[in-house]
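# Task: produce atomic coordinates for the following.
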Amino acid sequence: QVQLVESGGGLVQAGGSLRLSCVASGSIFRINAMGWYRQAPGKERELVAGSSGISLYYADFVKGRFTISRDNAKSPLSLQMTSLKPEDTAMYYCAAWTKPITDWANSRPIDYWGQGTQVTVSS
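Here you go, the predicted model:
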């Protein structure tokens, strides 16, 4: 089993920055891809960014503002968020897959989820 624990969420003004972190523990050797999803109230959970080997994915609505990174298989997964907008307000979830992801549009199902960290951007 793999456990994922997110941190770094909080309240920030529009235009500000936050850095989310996701620490994986347990059978981390099973992980071949990791990413971040978010879910706003009343909306579906959506993929924000993903990392699988050398493959990186960013949703159009965060391109140029968010950066996903992970130094190595034992390092935390980070999401640097800049130029935050009120519409970025959501619960952000860390996700992990046991298989490599080559087609991010068809990345479901996710094998492991974190509990989420709240990001609130005020206008």
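
# buried ones in the helix or strand hosting Tyr57?
In this assignment (DSSP states H and E), Tyr57 forms part of strand 55-58. Going by neighbour count (16 or more other CB atoms under 10 Å), the buried part of strand 55-58 is Tyr57, Tyr58. Yep, even glycine has a C-beta here, placed from its N, CA and C like the rest.

# Residues touching it, excluding its own?
Residues outside strand 55-58 that contact it (CB atoms under 8 Å, 6 or more residues apart in numbering) are Gly35, Leu47, Val48, Ala49, Gly50, Ser51, Phe66, Ile68, Pro100, Ile101, Thr102, Trp104.

# in its sheet, what does whatever helix or strand comes next after that strand sit against?
Of the helices and strands lying after strand 55-58 in sequence (DSSP H and E), the nearest is strand 66-69. If you go by DSSP bridges, strand 66-69 pairs up with strand 77-81 (antiparallel).

# next structured bit after the partner strand?
Downstream of strand 77-81, the next assigned helix or strand under DSSP H and E is strand 90-97.

# Distance-wise, check Ser17 relative to Gln115.
Between Ser17 and Gln115 the computed distance is 23 Å (CB to CB, to the nearest Å).

# Please apply the same query to Arg45.
Going from Arg45 to Gln115 by CB to CB gives 13 Å.
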